[in-house]
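following is a predicted model, sequence given first.
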Amino acid sequence: MSDSTEAQRLGQAIRNRRRELNLTQEKLAAEVGYGQGGGVTVSRIEHGVISPPLSRLSRIAEALQTTPEELYAEAKGSMEGQNYDR
């Protein structure tokens, strides 16, 4: 899995969990400690444009009532069943 694909899958897992909890990007950003305009940063993470540093990922996971490991597991699980030999 390439770094960009991994970032996209992790971002998708973060977005899915955030939506399950009915949090806006702005609310998550505030809980994680991103400053003004932090919703844009969360959006960039969710779209795989940037990857959060591990320390920030831990804060994101905590705000989403999960763990970084569970987010990575969901990201990996979303790759299963896909055929890349096409």
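Right, received. Where do you want to start?

run through the chain and note the low-pLDDT ranges.
1-3, 78-86 (pLDDT under 70).

which parts of this protein are helices?
Applying DSSP state H to the chain gives helices spanning 3-20, 25-32, 38-46, 54-63, 68-77.

export those helices to CSV and tack on mean neighbour count?
Any C-beta I mention is one placed from the backbone N, CA and C, and that applies to glycine too. Listed next are the helices of the chain as CSV, based on neighbours: other CB atoms under 10 Å:
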stretch, mean neighbour count
helix 3-20, 17
helix 25-32, 19
helix 38-46, 19
helix 54-63, 16
helix 68-77, 15
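
so what's Leu21 closest to, chain neighbours aside?
Nearest residue to Leu21 in three dimensions, chain neighbours excluded: Leu64, at 6.4 Å (CB to CB, 6 or more residues apart in numbering).
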